[in-house]
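In: Test case, fold it:
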Amino acid sequence: MRIYLDNAATTPLDEDVIQEMLAVMREKYGNPSSIHAHGRQVRTLIEKARKTIAGLLHASPSEIFFTSGGTEADNMAIRQGILDHNITHAISSPIEHHAVENTLTQLADAGTIHLSLLDVDKKGKINLEQLDDLLTIHPHSLVSLMHANNELGTLTDIAAVSSICRRHGAIFHTDTVQTMGHYAHDMRELDVDFLTCAAHKFHGPKGVGFIYINHNVKIKPLVFGGAQERNMRGGTENVYGIIGLAKALENCYKHLHEHQNYIQALKSYMIEKLQLSVPGVDFNGETDPDKSLYTVLNVSFPEMDMADMLLFNLDIAGISASGGSACSSGSSIGSHVLTAIGVNPERPCVRFSFSKYNTKEEIDIVVDKLKELCNHPAQMS
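Out: Take a look at the predicted model:
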């Protein structure tokens, strides 16, 4: 029996999502750019999926553009937002996902922008007063701040960020890859310019996502080629992925509060069990349910010999988790997020992330194994 607690990295596909995709694979194989009946059938499916997503977000279908995932969507928002609006200053934080951090750093290194990073506290909370001060000095900036940190789970009040940005005439991009499908995003109320999504974070397929572009913002394509996505992204659409994305997001919204309550209960249960079972355990980032993404728990374990073997031994025991950010899980480089919030590098940290498919029984098994490994570290192989 293997226990999967790395859902912030990717989630298992829902069965009805698989079936929906299979039906299209078997029966609807036309190129959506073709004008014949086979192509028109597939074009109709794509536009129906776009309409479904837009309806869930209370956006216009014309504001939804399909991409290969969150990384491409983040790159599109940041690069084109900066280049096409003649922006020379950007504001972000030191704990953003690499898709944001590396894109902004590359633009800064090339001399295209000056990059300012906001201060973050030990919980990973950004300094909104500092953001206001920076925008007072640099009003024509691009601001890029994620909704929930992928390693810590700490939530950012993006409505408050948006309000500050609007007051200063700044462009606001938010990476919602970890929160899409887990919270309701209402674009009638959330005044942002760019918002990004990856389907595989909410039981959809890998390799597909979308970018929301506010109708008031005009940018040029990041990927050139054909006239797909209303001339905004060249390349034949990932039809099966798009269909799966729409179905998965529809499922999430249908059971949103049920899943929120269930998964938050699992997270709270694991916190309580760890506090009782592992002396000296601590948690990185916010754990308050009102301030933290309910699917993510970053655990800081006491210093121990062979701390670098903790994840390995969990894997040997049949438990899949992550050492910080899963997108660089194969790297020996330490987490830039944990470094930024001042976590003691001698303490091993593990990110556990949950989904609707996890159970309390699984949490019991994991905590028992962690208790064994932390209380008897010499036994670690």
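In: which sections of this structure are below the confidence cut-off?
Out: The chain contains residues with pLDDT under 70 at 324-333, 376-381.
In: residue contacts, K28?
Out: H38, Q41, V42, L45, V239 (Cβ atoms under 8 Å, 6 or more residues apart in numbering). All C-beta spots, glycine's among them, are computed from the backbone N, C-alpha and C.
In: My reading is that the second one lies in a helix. Confirm?
Out: So that's Q41. Yes - under DSSP: H, G, I helix; E, B strand; the rest coil, Q41 falls within a helix.
In: surely V217 meets F194?
Out: Yes - at 7.3 Å, V217 counts as touching F194 under the criterion of Cβ atoms under 8 Å.
In: tell me, what's touching those two both at once?
Out: G81, I171.
In: For N7, grab the count of nearby residues.
Out: N7 is flanked by 24 other residues according to other Cβ atoms under 10 Å.
In: Strands along this protein, start to end?
Out: 3-4, 64-67, 89-92, 114-117, 142-144, 171-175, 194-198, 209-213, 282-284, 296-300, 319-320, 349-353 (DSSP state E).
In: Please tabulate the ones you listed in TSV, including the columns mean neighbour count.
Out: Formatted as TSV, the strands of the chain follow (neighbours: other Cβ atoms under 10 Å):
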stretch	mean neighbour count
strand 3-4	20
strand 64-67	24
strand 89-92	24
strand 114-117	17
strand 142-144	27
strand 171-175	27
strand 194-198	29
strand 209-213	27
strand 282-284	21
strand 296-300	24
strand 319-320	19
strand 349-353	26
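In: Can I get those in TSV including distance to G30?
Out: What follows is the strands of the chain, written out as TSV (distance: least, Cβ to Cβ, whole Å):
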stretch	distance to G30
strand 3-4	36
strand 64-67	17
strand 89-92	42
strand 114-117	45
strand 142-144	38
strand 171-175	34
strand 194-198	26
strand 209-213	22
strand 282-284	49
strand 296-300	40
strand 319-320	39
strand 349-353	38
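In: So which of the ones you listed is nearest L274?
Out: Among the strands of the chain, strand 296-300 comes nearest to L274, with 6.5 Å by Cβ to Cβ.
In: Run the angle between the closest one and strand 349-353 for me.
Out: Interaxial angle, strand 296-300 versus strand 349-353 (axes from the mean of the first three to the mean of the last three Cα atoms, to 10 degrees): 160 degrees.
In: What lies in contact with strand 296-300?
Out: The contact list for strand 296-300 (Cβ under 8 Å, 6+ apart) reads 8, 148-153, 178, 267, 270-271, 274, 281-285, 287, 324, 338, 343-344, 347-354.
In: State the distance from the nearest residue to N127 once chain neighbours are set aside to S92.
Out: Leaving aside its sequence neighbours, N127 sits nearest to D119 (Cβ to Cβ, 6 or more residues apart in numbering; 4.5 Å). According to Cβ to Cβ, to the nearest Å, D119 and S92 sit 12 Å apart.
In: now P345
Out: Distance from P345 to S92, by Cβ to Cβ: 24 Å.
In: same question, L83
Out: Remark: distance between L83 and S92 (Cβ to Cβ) = 17 Å.
In: circling back: how close does the residue nearest to N127 get to I78?
Out: Taking Cβ to Cβ, one finds D119 at 21 Å from I78.
In: Give the buried residues for stretch 163-171.
Out: Across stretch 163-171, burial judged by 16 or more other Cβ atoms under 10 Å covers I164, C165, H168, A170, I171.
In: No further questions, thank you.
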